[in-house]
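Novice: My questions concern the predicted model and sequence given below.
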Amino acid sequence: MTRDPRADARRRFAEAALAADASIEPASADASTRSYWRVHSPGAPARILMDAPHDAAELEAWLDVGARLRAAGLHAPEVLAVDRAEGFVLMEDLGTRTYLPELDAHSADRLYGDAFDALLRMQVHVDTSGLPAFDRGRLVTEMELLPEWFLQRHLGYAPECEEWDVIEAAFTFLAHAALEQPRTFMHRDYHSRNLLVCGEAADTHAVGGLHLLTSPGIVDFQGAVAGPITYDLASLLRDCYIEWPQERIAGWVAAYRERLRHAHLIGIEVDGARFRRWFDLVGLQRHVKVLGLFCRLWYRDGKAQYLGDLPLVWRYVAQVAHGYPELAAFVALLERALGERDITRPREPDA
């Protein structure tokens, strides 16, 4: 049987940090090249080992943003040991209760209430100095995943020259709308798979004068930037993995706008209609990106499970785009490309 050098390296790291008889089992993987392992050692709580072998800059970003979140009294995993050369981090285990399976019509107000508390804490108190700006270049680069991976690779649709003009105009419109917003700390993937229901922590002392918000636990934050104030709200409420009635979303959005106003992050000139426009359009920018991203995860990375989430993402795109005349030609183009196709089914390269 061939030995796995990476598994051997993980074991050496875990045993050096904990105990020689530590055991390691798979915990989870995500849409990146990272993997997560649960480490058990006698007489100690379980820990999580993150294996991030290929991107030293991303590892540093994860460590930096996690420290910023914890400094603001948010429940990002405590770091116990790091091996930068190998790309390993040993951290607190936040458990297995992600929001996604916990959410239903009865629990949503309670769980989202905690998530709104944490989001407001992030936006008010997390230091953004030195974080990348979610600028026009980043906004457009993300959206360019749609024509490459969703239209051309997944649907086999090659836009005509005038259709490329429609795509460019839509991307310019969405980028401009995002840049109109006030800028705050932005997690960038604040949704039901990256939030965990956590019990009361053993240590709930104040951090920098702020009490610790033990739940939700927050993960996958290494992509954080300084960006539009409604982005994380849209990521949370128009989640790519769970759908809520429009009326319920509208109520949550209106209530969170009031919280931002009382926190002096937006002024009275930002009325409900303007705030909803911000929310709609920055969410659309995200979902345009995700249509391409989920396809790339299959065709480039072999992660098929994300194709099953495309119909919900497409519904978000169509619903929002149909509400804005500036995007009429864009959504019509996408509908032509899609036709009656089942977008959960992969396309063969020569199809």
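Specialist: Received it, and whenever you're ready, just let me know what you need.

Novice: drop to CA atoms for contacts and neighbour counts, all remaining ones
Specialist: Fine.

Novice: For residue 252, give me its contacts.
Specialist: By CA atoms under 8 Å, 6 or more residues apart in numbering, residue 252 lies in contact with nothing.

Novice: Now do the helices in the stretch 201-350 of the chain.
Specialist: 231-237, 246-262, 272-299, 310-321, 328-338 (DSSP state H, counting those that start in this stretch).

Novice: Report the buried residues of the lowest-mean-pLDDT helix or strand in the chain.
Specialist: When the helices and strands of the chain are scored by mean pLDDT, DSSP states H and E, strand 23-29 comes last with a mean of 82. By neighbour count with 16 or more other CA atoms under 10 Å, strand 23-29 contains the buried residues 23-24.

Novice: so how far is that strand from its chain's centroid?
Specialist: Centroid separation for strand 23-29 versus its chain: 22 Å, with CA atoms, centre = their mean, to the nearest Å.

Novice: just checking, what packs against that strand?
Specialist: strand 35-40 (3 or more CA pairs under 8 Å, 6 or more residues apart in numbering; DSSP states H and E).

Novice: pLDDT of the strand it packs on, averaged?
Specialist: Averaged across strand 35-40, pLDDT comes to 91.

Novice: What angle do strand 23-29 and that strand make with each other?
Specialist: 140 degrees (axes from the mean of the first three to the mean of the last three CA atoms, to 10 degrees).

Novice: Moving C-terminal from strand 35-40, which element do we reach first?
Specialist: The helix or strand immediately downstream of strand 35-40 is strand 47-51, counting by DSSP states H and E.

Novice: What is the burial count for residue 340?
Specialist: Residue 340 has 8 neighbours, counted by other CA atoms under 10 Å.

Novice: ditto for residue 247
Specialist: 9.

Novice: ok, residue 224 - contacts?
Specialist: So residue 224 contacts 65, 131-132, 185-188 (CA under 8 Å, 6+ apart).

Novice: contacting residues around stretch 89-107?
Specialist: 14, 17, 38, 46-51, 77-83, 111, 192-198, 217, 241-242.

Novice: Span of it from start to end?
Specialist: This stretch, stretch 89-107, spans 33 Å end to end (CA to CA, to the nearest Å).

Novice: Measure how far that stretch is from the centre of its chain, please.
Specialist: Using CA atoms, centre = their mean, the offset of stretch 89-107 from its chain centre is 15 Å.

Novice: what mean pLDDT would you report for that stretch?
Specialist: 96.

Novice: And that stretch, what's buried?
Specialist: So stretch 89-107, judged by 16+ other CA under 10 Å, has buried residues 89-95, 98-100, 103.

Novice: Nearest to residue 172 among those?
Specialist: Taking CA to CA as the measure, residue 172 lies nearest residue 100 of the buried residues of stretch 89-107, at 33.0 Å.

Novice: dump the residue contacts of the most centrally placed residue in the chain.
Specialist: The centroid of the chain falls nearest to residue 189 when counting by CA atoms, centre = their mean (1.3 Å). Neighbouring residues of residue 189 by CA under 8 Å, 6+ apart: 220-221, 223, 232, 235.

Novice: tell me the domain ranges of the protein?
Specialist: 5-92, 126-188+223-338 (automatic domain parsing).

Novice: so which of these comes closest to residue 211?
Specialist: Residue 211 lies closest, by CA to CA, to one member of the domains of the chain: domain 5-92, at 6.0 Å.

Novice: all strands of the protein, in order?
Specialist: Along the chain, counting by DSSP state E, strands occupy 23-29, 35-40, 47-51, 74-75, 79-83, 88-92, 183-186, 195-196, 213-218, 225-228.
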